[in-house]
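> dropping a prediction and its sequence here:
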4 protein chains.
Amino acid sequence: MSGEAGAKPNLHISKHRLEALVDGVFAIAMTILILEVKVPVLESPRSAAELAARLAHDGPTIAAYFFSFGLLGVFWAWHHRLARLIGSLDVPLLALSLLFLSLVSFFPFAAALLGRYLLNPVSLAVYFPVVGLILATQLATLELARSRGRLDPEVPAADVLAARKRNGRGLMIFGLANIPNALRFGLLPAAACLAVSALLFLWIRRMK
Amino acid sequence: MSGEAGAKPNLHISKHRLEALVDGVFAIAMTILILEVKVPVLESPRSAAELAARLAHDGPTIAAYFFSFGLLGVFWAWHHRLARLIGSLDVPLLALSLLFLSLVSFFPFAAALLGRYLLNPVSLAVYFPVVGLILATQLATLELARSRGRLDPEVPAADVLAARKRNGRGLMIFGLANIPNALRFGLLPAAACLAVSALLFLWIRRMK
Amino acid sequence: MSGEAGAKPNLHISKHRLEALVDGVFAIAMTILILEVKVPVLESPRSAAELAARLAHDGPTIAAYFFSFGLLGVFWAWHHRLARLIGSLDVPLLALSLLFLSLVSFFPFAAALLGRYLLNPVSLAVYFPVVGLILATQLATLELARSRGRLDPEVPAADVLAARKRNGRGLMIFGLANIPNALRFGLLPAAACLAVSALLFLWIRRMK
Amino acid sequence: MSGEAGAKPNLHISKHRLEALVDGVFAIAMTILILEVKVPVLESPRSAAELAARLAHDGPTIAAYFFSFGLLGVFWAWHHRLARLIGSLDVPLLALSLLFLSLVSFFPFAAALLGRYLLNPVSLAVYFPVVGLILATQLATLELARSRGRLDPEVPAADVLAARKRNGRGLMIFGLANIPNALRFGLLPAAACLAVSALLFLWIRRMK
C-alpha cells in the first residue's frame, strides 16, 4: 500500500498543517459556545435576588454549554485518534476534512438553538442530525483513506480494524439512541434510524 | 538562486511563524462565519411550526455559511500549496502576506453581506472583488517570491511553473465567470473582466 | 513507573496535540474578554467631554479586563508548568483536561458578570468558585497523573513534589482569601472555605 | 552570560509555548477587528443605491479595519524579530509578555473607538497611548531580557545592539509624530511627548 501511495499525485498539504487548522477550529468552536450565555440585564444592578433568579433561569443554557463543550471535546479526541492512522492527504480526503470542520463550526449554532428552545422538537431535529453527520464524516474519512491507499503503512492492520469497528459502533449506537427522539417526528424517521443502525451492524460484522 | 538569497538581508521571521498566523486567521475567519447565522427569536418558543418556518427562512444564510466555509477552505489549501514553494521571507513578501490575511479576515463581512442581501447587486459587487483580490494576492506572492529570489531552491522548476500556470488559470477562469455578473453593472466592468482574463491568458502562454 | 505506563493501553493522543488545543482556548478566552468592553454610543459624536465621561464610567469594566486577562495568563503559565511533568494521556486525564478547558472558556462569562455587577454579591459567588474550580482541576490533574503512573519518568521526583505542594498551597491560600467574601453569604460558606484550606494544609504536610 | 542563565532558576515555560499563545492572540485580535464592520440594516433590501450609500458611509470604518490590521501585522512581525533574540523566560519576562498581549488584545477596542469617533479627540487619546504602550513593552522586554541575562547566547552582540537601537528609534519617532496630536490636549502632553523622545534620543546615542 505504501508503494501505491508513493505513485499517486501528491497534494503537498501535510497532515501537520491540516491538524493545526483542525485544532484552531475546535478551539474557537468550543470557546464561542460561551457567547450564547449572555450576561443578564438587571433592573436593580445590586439586587442579589434578581441576579440569582436570572442565572437560575439561564441554568439550562449554562448546562447546555458544558454538555456541548464536552461533546466537542469528544469529537476532537476521536478525530485525533483517527488522524494518526492516515498517512497522507489527497483532494477527496481534504474535501471531506473541510466538510467535517464546517459541521464542527456549525455545531455552536445547533447548540445555541437547543439551549434556547430545549422543548421545541425542531431544535432537536437540527442538533442530532448535526452530531450524526459529524460522526458519519469521521467514519467516511477513515473508509475513504483506506480505499484510496492513504493509510499510514506503519500502523498495524489490527489498529485500523479496531478503529473502523469503533466508528461503526459509535454511529450505530447513536442511531439506536435517536429512535425515541425520531418517533416524535413520525414512524418514518424512526424506521430510518433503525435501518441505518441495522446496516451498520451488518457492515461491522462483515469487516475483517 | 540559493546563493543570491543567502547574500540578501534576512528578515529573521521564519516561514513557520507566518504559517502559524495564517492557520490561526483562517481558523477564526471560518468559525466566525457561523456568527452570522442567528438563533431566531420565537413568539411561541415551543412551536415546532414557527421554528421550522424561521429556519427555512434562514435557509439561504445557512447555505451561504457552508459555501463560504468551503471557499475559505479552498483558499487555505491553495495557500499552503504555494507556501511550500517559498524558501524565506523578506519585507515585501511579508507585507503581501499580511494584505492577503487582511482580505481573508475581511471575507466573513463580505459573506455576511451576500447572505443577508443575496438579491442586491451591491453585495455581489463587494463579495466577488474580495474573492478576486484574494486570488490575485496569491498569484502576486508567488511572482514576487520568484522575482526576488526567495523560492525554495530545492523545489523543482517544473513545480514552480505548474503552480504559476495554475494561479494564472484560476484567476482567468474567475474573471470569465464574473462577466455575466459584471454585465449587471454595465459594459465597462464586463469589458474589464474580459480584458484581465485575456491578459492572463497571454501571460500564461508566454510562461516557460 | 515508566515500564508500567508502557504496559497500559495508549490513548494515542499526544500531549503535543492537547497543548495546541489548550493554547488555542486560552488565546481565544483572553481575547474575547475585550468584547465585553463596548464602544459607547454617544449623543454628540464629536463631544470629547461626553466620550471621556462614558469611558470613565466604563473604567471598572476596563480594569476588570486587564485583571481577568492577567489571571488567565497566570492560569496558562501554571498549566504549562504542570503539563511538563506529565508524560502521556489516558481517558480520565483527557476528560479532566477538557473540564479544565471548559472552565477556562467559561471564565470570560464570569468575568463579564463581575465587571458588569461589581457590587452584586451573586457575581462574586460565580466568579470566585470558577477560579477555585480552575485551580482545583489543575491540582487534580497532577494527582491523577501521579496515581495512574502517567508522570514523565525523566522528571525528578523533587520537581513533582514541589509542584504538588505549590498546587496545594495555591488552592489553600485562595480558600483563606475567600473567607471574608464567603462571610457575606453566611457562616456556612465561610466555614467550608476554612475547612477546605485546613484539609489542604494537612495534606501538604503529609506529602513526601 | 550563558553560564549565568544556566545557574538561574528556570521557569520551565518554553519560548515555543509562549510564541504559540502570542500567535493565537494576534490571529484573533486581527480577525475580530472585522466584527466592528457591521452589515447595514436596509429599508429596501434590494435597493442597490441604499446599500451603496450605507457602505460608502461605513468607508472610514472599513479603511480603519485595514489600517489597524496592518498595524497589528507590523507589531506581530516586530515581536517575532525580538523573540528570536531571547533565549529563555523568567517570571518578570513572562509578566511583561502577558502585559504586551493584554495591550494587543485591547487594541481592537481602541481601533473600534477610533473608527466610530474619528473626529473625537478622546478616541485619539485612547488609540495612540495604546500603540505607544505596545511599542514601549516591546522595548522593555528586550532591555529586561538583557539585564537579566536571558538573551540567547548564540545571537551576535551586534544584532542585539541593532535591535535595541531600532526599538528606541521606533518609539522616539512615534513620540515626535504624536506632538501635533498631543497639542490638541494642551502644551503639557506635547511637552511630555517631546521629553520622552529627547530622552530616547540620548539613550540611543549612549548605547554600545
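Right, received. Where do you want to start?
> for the residue minimising distance to the centre of chain A, what are its contacts?
Centroid-nearest residue in chain A: A:I134, 3.4 Å away (criterion: Cα atoms, centre = their mean). Taking Cβ atoms under 8 Å, 6 or more residues apart in numbering or on different chains, we find A:I134 in contact with A:F75, A:F100, A:L103, A:V104, A:F107. For the C-beta atoms, the positions are set from N, CA and C on the backbone; glycine is no exception.
> one more time with 7 Å, if that's ok
A:F75, A:F100, A:L103, A:V104 (Cβ atoms under 7 Å, 6 or more residues apart in numbering or on different chains).
> what does A:I204 give?
Contacts of A:I204 by Cβ under 7 Å, 6+ apart are A:K165, A:G168, A:R169.
> drop anything exposed from these.
For those, a burial check counting by 16 or more other Cβ atoms under 10 Å in any protein chain shown picks out A:G168.
> closest to chain C out of the contacts of A:I204?
A:K165 (15.5 Å; Cβ to the nearest Cβ).
> now the nearest residue to the closest one once chain neighbours are set aside, what's its secondary structure?
With Cβ to Cβ, 6 or more residues apart in numbering or on different chains as the criterion, A:K165 has its nearest non-adjacent residue at 5.5 Å, and that residue is A:I204. Of the three states, A:I204 takes helix according to DSSP: H, G, I helix; E, B strand; the rest coil.
> where do the strands sit along chain A?
Counting by DSSP state E, chain A has no strands to list.
> so, low pLDDT: which residues of it?
Chain A contains residues with pLDDT under 70 at A:1-12.
> for chain A, what lies in contact range of chain B?
Contacts of chain A with chain B, taken as Cβ under 7 Å from any Cβ of the partner chain, map to A:12-13, A:17, A:20-21, A:24-25, A:28-29, A:32, A:94, A:98, A:102, A:105-106, A:108-109, A:112-113, A:116-117, A:119-123.
> buried subset of those residues?
Neighbour counting by 16+ other Cβ under 10 Å classes A:12-13, A:17, A:20-21, A:24-25, A:28-29, A:32, A:94, A:98, A:102, A:105-106, A:108-109, A:112-113, A:116-117, A:120, A:122-123 among those as buried.
> in helices only, show me those residues.
Among those, DSSP state H puts A:17, A:20-21, A:24-25, A:28-29, A:32, A:94, A:98, A:102, A:105-106, A:108-109, A:112-113, A:116, A:122-123 in helices.
> which residue sits closest to the closest residue to chain C within chain A in space, ignoring its chain neighbours?
Closest residue of chain A to chain C, Cβ to the nearest Cβ: A:A27 (2.8 Å). Leaving aside its sequence neighbours, A:A27 sits nearest to C:G24 (Cβ to Cβ, 6+ apart; 2.8 Å).
> now that neighbour: how far from B:A190?
C:G24 sits 44 Å away from B:A190, going by Cβ to Cβ, to the nearest Å.
> run a quick neighbour tally on A:Y65.
25 (other Cβ atoms under 10 Å in any protein chain shown).
> so which residue of chain A comes closest to chain B?
For chain A and chain B, the shortest gap (Cβ to the nearest Cβ) falls at A:G24, measuring 2.8 Å.
> check contacts around that residue.
Neighbouring residues of A:G24 by Cβ under 7 Å, 6+ apart: B:D23, B:G24, B:A27, C:G24.
> now, which of these sits nearest D:E50?
Distances from D:E50 to the contacts of A:G24, taken as Cβ to Cβ, are shortest for B:A27 (34.4 Å).
> is the closest one in contact with A:A29, as I believe?
No: between B:A27 and A:A29 there is no contact under Cβ atoms under 7 Å: 9.4 Å.
> any common contacting residues for those two?
Taking Cβ under 7 Å, 6+ apart as the contact criterion, no residue touches both B:A27 and A:A29.
> show residues contacting stretch A:74-94.
A:5, A:8, A:10-11, A:13, A:15, A:18-19, A:22, A:26, A:104, A:134, A:138, A:141-142, A:144-145, A:148, A:150-153, A:155, A:159-160, A:163, B:77, C:12-13, C:17, C:21, C:94.
> okay, helices next: where are they in chain A?
Counting by DSSP H, the helices of chain A are A:2-7, A:15-32, A:48-57, A:59-83, A:91-116, A:121-147, A:157-177, A:179-183, A:187-206.
> list the contacts for A:L113?
Applying Cβ under 7 Å, 6+ apart, the residues near A:L113 are A:S123, A:V126, A:Y127, B:V39.
> got a ChimeraX select line for the buried ones in those?
Buried subset of the contacts of A:L113, written as a ChimeraX selection, criterion 16+ other Cβ under 10 Å:
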select /A:123,126,127 /B:39
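> including distance to C:A182, could the contacts of A:L113 go into TSV?
Shown next, in TSV, are the contacts of A:L113 (distance: Cβ to Cβ, whole Å):
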residue	distance to C:A182
A:S123	38
A:V126	42
A:Y127	38
B:V39	37
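> farthest-apart pair in the contacts of A:L113, please.
Taking Cβ to Cβ, no two of the contacts of A:L113 sit farther apart than A:Y127 and B:V39, at 12.1 Å.
> chain neighbours aside, what residue packs nearest to A:F26?
With sequence-adjacent residues excluded and distances taken as Cβ to Cβ, 6+ apart, A:F26 is closest to A:W76, at 4.7 Å.
> how many residues are close by the one you found?
Neighbour count of A:W76, defined by other Cβ under 10 Å: 23.
> could you measure from it over to B:L98?
From A:W76 to B:L98 the distance is 30 Å (Cβ to Cβ).
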